[in-house]
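> Sharing a model that was predicted from the sequence below.
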Amino acid sequence: MSRRRRKRQSDVSVGAVLGAVLLVLIIIGAAGGFLYLRERAKQVATLDAESCPEDGPTSVTAVLLDITDPIADITKVDLKRQFQKTVADVEKGGLIEVYALTDEEGTLRRTYRGCNPGDGDSADELISNKKRIQERWEKAFNKPLKEIEDQIGEGSEGKQSPIMAGIQRIVIESLSDGKLEDKAKTLIVASDMIEHTSAFSIYKSGTDYAAFEKTAARDKFRTPLDGIGVKVLAFQRDNTKSLQELPEFWLQWVTRNHGDWIGFEQLAGLK
């Protein structure tokens, strides 16, 4: 009888040890899982009021829409498609700003400024609520930009087209922000690109860049485009068809101001 009793006590002892080992493993696994999730949560950027990472946007895209003159219906369609592509190219954490050019020199109307906070598809299911993140993206990013897209091309005839002054304003007031240092910067200008102010007018002087450099506009609109890529989305008007050197003129202006020339793309249509 005593041998059987000792055997049962031994079995109980082994079971207790195995149970204790299993419990320790469970505790270690739970602690490891907690630490893992905590570290992943730390990697999720805290966003500011403009849905941007608190340490600054990952990139910035500024869009200048010229509304100083009406454009053809097909040009509106083409421009809207280009705007859609521009918005879609803004990565999570990237900042986009949209400005409307007015006929008052140096006066712009900013219609949007905010970062792409990331949609539900980009959310980490282990530490995030995908539905809530999708709703935030829709409200703060997608919806307001879609509203701007719907209004593209609704311009009225202005007295002048101060394109250089508009670019200068965006660069000085926005793209020169210290938080954007060493970040990718892109400026997209959608316009007929006919500079027309009292300081200089392509209507009067043509696209001779040498002639432009002899005017007060050269210094007045000098703009530090260092580190900024510039792309033009040009819409054509009937009275500008003869200006074959227009792309070259703006290439000269951008590069002389130390910017990076991305290109000059002619949109569909003629007004």
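Received the coordinates, thanks. Residues are numbered from 1 along each chain as shown.
> contacts for the lengthiest strand in the chain?
Using DSSP state E, we find that the single longest strand of the chain is strand 260-270. Residues outside strand 260-270 that contact it (Cβ atoms under 8 Å, 6 or more residues apart in numbering): 71-75, 77-79, 82, 186, 190, 225, 227-238, 241, 246-247, 250-251, 254-255. Quick note: C-beta positions are derived from backbone N, CA and C, even for glycine.
> Quick check: neighbours of that strand in the sheet, parallel or antiparallel?
strand 228-236 (parallel) (DSSP bridges).
> and the partner strand, which residues are buried?
Ile228, Gly229, Val230, Lys231, Val232, Leu233, Ala234, Phe235, Gln236 (16 or more other Cβ atoms under 10 Å).
> Also stretch 198-218?
Ala199, Phe200, Ser201, Ile202, Thr207, Tyr209, Phe212, Ala217, Arg218.
> number of nearby residues for Ala72?
For Ala72, the tally of surrounding residues (other Cβ atoms under 10 Å) stands at 18.
> er, Val60 I mean
So Val60, with other Cβ under 10 Å, has 25 neighbours.
> Just the residues contacting the helix or strand that it is a member of, thanks.
Assigned by DSSP states H and E, Val60 falls within strand 59-66. Residues outside strand 59-66 that contact it (Cβ under 8 Å, 6+ apart) are 83, 86, 89-91, 93-101, 108, 152, 155, 161, 163, 166-167, 170, 174-175, 180, 183-192.
> So which of those residues are in helices?
Phe83, Thr86, Ile163, Gly166, Ile167, Ile170 (DSSP state H).
> Roughly how far does the first one sit from Gly93?
Looking back up the chat, that one is Phe83. 20 Å (Cβ to Cβ, to the nearest Å).
> The fourth one too?
Counting by Cβ to Cβ, the gap between Gly166 and Gly93 amounts to 26 Å.
> Which one of the two is surrounded by more residues?
Between Gly166 and Gly93, counted using other Cβ under 10 Å, Gly166 has the larger neighbour count: 25 against 19.
> What number of residues are in the vicinity of Arg81?
Using other Cβ under 10 Å, Arg81 has 13 other residues around it.
> can I assume it sits in a strand?
No: per DSSP: H, G, I helix; E, B strand; the rest coil, Arg81 lies outside any strand segment and is helix.
> begin at 880 from here
Renumbered: residue one is now 880, and that last one reads Arg960.
> I'd say Pro1023 and Tyr991 touch.
Yes: between Pro1023 and Tyr991 there is a contact under Cβ atoms under 8 Å: 5.6 Å.
> for Thr990, helix, strand, or coil?
Quick answer, by three-state DSSP: Thr990 is strand.
> which residues does it contact?
Contacts for Thr990 (Cβ under 8 Å, 6+ apart) come out as Val977, Tyr978, Ala979, Ile1027.
> any idea how far the last one lies from Gln1145?
What it means is Ile1027. Distance, Ile1027 to Gln1145, using Cβ to Cβ: 23 Å.
> Settle it for me: which of those two has more neighbours?
Using other Cβ under 10 Å, the more surrounded residue of Ile1027 and Gln1145 is Ile1027, with 17 against 13.
> how about the buried residues of strand 1107-1115 in CSV, adding pLDDT and distance to Ser930?
Compiled in CSV, the buried residues of strand 1107-1115 are given as follows (pLDDT from 0 to 100; distance: Cβ to Cβ, whole Å):
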residue, pLDDT, distance to Ser930
Ile1107, 97, 23
Gly1108, 98, 23
Val1109, 98, 26
Lys1110, 98, 24
Val1111, 98, 28
Leu1112, 97, 26
Ala1113, 95, 31
Phe1114, 90, 31
Gln1115, 84, 36
